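Visitor: The sequence and its predicted three-dimensional model are supplied below.
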Amino acid sequence: MKAYLFGWNPTKWEWPGLDEDIKKLRTTGQLEDNWAVISHKAIRPGDRAYIVRLGVEPRGIFASGTISSEAYPAFRDGRHYYRIKITLDVLLNPTKESILSLDILKTGNLAVQNWTPQASGISIKPQLVEELEAVWLDFLANNGKVELF
């Protein structure tokens, strides 16, 4: 399985409806959102997605899901880039709940991955995908979030 890391920096992009999105996911089991992606030539529907909070503490992974669309072109501020859709299966509010911190992500085998990317939608090293998923699921289970996944 391939996996990609998407960045969210609340100092650059607010998420005013985060709590409503969390509630929607928890009550309906469905939430789809679109994200910019740098790896637009390689990413495919069915690939795994993780979203990391950057810029301000707490920093770390707070969401996961599955890529649900092919990459498609978009334009903003005169710039051409690509976006994809992600169907989220977990979404946490980093200011109200524990998230999988960068401290944990920067230990052991996982330390070889760049967890603070400048571009969103970078590839996670293939040899780390299974371990990351196991660490993420363990984190969710230890924080009472098993029912989310």
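Guide: Noted; the coordinates are in hand.
Visitor: Which stretches in the protein count as strands?
Guide: 3-8, 32-36, 48-53, 60-67, 72-76, 79-91, 100-101, 122-123 (DSSP state E).
Visitor: out of those strands, nearest to residue 113?
Guide: Nearest to residue 113 among the strands of the chain is strand 3-8; the distance by CB to CB comes to 7.7 Å. Where you see a C-beta, it was placed from the backbone N, CA and C, and this is true even at glycine.
Visitor: Return the list of helices and strands in contact with the closest one.
Guide: Applying 3 or more CB pairs under 8 Å, 6 or more residues apart in numbering; DSSP states H and E, we find strand 3-8 packed against strand 48-53, strand 122-123, helix 129-142.
Visitor: in its sheet, what does the second one sit against?
Guide: I take that to be strand 122-123. When sheet partners are counted by DSSP bridges, strand 122-123 sits next to strand 3-8 (antiparallel).
Visitor: And the contacts of the partner strand?
Guide: Applying CB atoms under 8 Å, 6 or more residues apart in numbering, the contact partners of strand 3-8 are 15, 35-37, 39, 43, 47-54, 62, 67, 86, 113, 115-117, 119-124, 129, 132-133.
Visitor: same check, this time on stretch 118-136
Guide: Contacts of stretch 118-136 (CB under 8 Å, 6+ apart): 1-7, 35-40, 42-43, 48, 50, 61, 64, 84, 100, 104-105, 109-110, 112-114.
Visitor: Can you give me the buried ones in it?
Guide: Across stretch 118-136, burial judged by 16 or more other CB atoms under 10 Å covers 120-124, 128-129, 132-133, 135-136.
Visitor: Quick one: end-to-end length of it, please.
Guide: Stretch 118-136 has an end-to-end distance of 22 Å (CA to CA, to the nearest Å).
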